[in-house]
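> Structure for the following, please:
(one chain, ligands or ions: 1)
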Amino acid sequence: MLSNIEPPVLRRKAATDKLLEQIVKHDSWPIQPDILSLPLLRLTSRKPLWLDLQPEPVDIKRRWRHNWKSAQVVNSHLVCDPTIRQPGFDLSRQQWSLLNRFRTEQGHCGACRRKWRLTDTDCGETQTMSHIVESCPLTKLNGGLSRLHSADEDAVSWLTNYGK
Ligand SMILES: [Zn+2]
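Numbering: from 1, shown residues only. So this is what the prediction gives:
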């Protein structure tokens, strides 16, 4: 979850737009005619920057939020606004990364596998990240993943216990 770091493609777009804005403003720059009177597109494989010229420079955050809504990302509904820091950002690195493993349902974490093998408290179901937090009678957190995402006090103490 690369939240609060602007996607590179949008940053590049913003930088390009800024440069174009400068070019359009400066009549004496030799590059200006190239940008204002555009050549025809000859090769369809090329994507020259003027294909995507807009009157206004790109608004990164607006575009980012827009893209996020249509993103096919696991549990993307958890994040209402991708441009701000998500809850729990100030947790320890270990807890933050464990929290994000639950958010993204990424694989089995080493810690939980070890835990299940050592303690023999498996409920019989497959120990997916989602099962562990949402439905396992042995481990689930009241309120499930949404609660965990909020990184409130109970969620953090659940995380701490779990990560042991
Ligand atoms: Zn279980």
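> Going by C-alpha atoms from here, please, whenever you check contacts or count neighbours.
Fine.
> Could you list the buried residues of the lengthiest helix in the chain?
Longest helix of the chain, by residue count under DSSP state H: helix 8-25. Applying a neighbour-count criterion of 16 or more other CA atoms under 10 Å, one finds 10, 13-14, 16-17, 20, 23 buried in helix 8-25.
> Near the ion, which residues of this protein are found?
Residues of the chain found near the ion (CA under 5 Å from the ion) are 123, 136.
> run the last query once more with 8 Å
Residues of the chain lying near the ion by CA under 8 Å from the ion: 122-127, 131-132, 135-139.
> starting at the chain centroid, how far to the helix or strand following the longest helix of the chain?
Under the assignment DSSP states H and E, the closest C-terminal helix or strand after helix 8-25 is helix 32-36. Computed by CA atoms, centre = their mean, to the nearest Å, the chain-centroid distance of helix 32-36 equals 37 Å.
> May I see the buried residues of helix 32-36?
Quick answer for helix 32-36 (16+ other CA under 10 Å): residue 32.
> Just the mean pLDDT for it, thanks.
Mean pLDDT, helix 32-36: 83.
> I'd like the next helix or strand past that helix.
Past helix 32-36, the next helix or strand by DSSP H and E is helix 60-69.
> what about dumping the CA coordinates of that next one to PDB?
The C-alpha coordinates for helix 60-69 follow below in PDB (Å, rounded to 0.1, in the frame of the first residue of the first chain):
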ATOM      1  CA  ILE A  60      -2.200  15.000  -8.900                       C
ATOM      2  CA  LYS A  61      -4.400  14.400  -5.900                       C
ATOM      3  CA  ARG A  62      -7.600  14.600  -7.800                       C
ATOM      4  CA  ARG A  63      -6.400  12.300 -10.500                       C
ATOM      5  CA  TRP A  64      -5.000   9.900  -7.900                       C
ATOM      6  CA  ARG A  65      -8.300   9.700  -6.000                       C
ATOM      7  CA  HIS A  66     -10.100   9.100  -9.300                       C
ATOM      8  CA  ASN A  67      -7.700   6.300 -10.300                       C
ATOM      9  CA  TRP A  68      -8.000   4.700  -6.900                       C
ATOM     10  CA  LYS A  69     -11.700   4.400  -7.200                       C
END
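> That's all I had, so thanks and see you.
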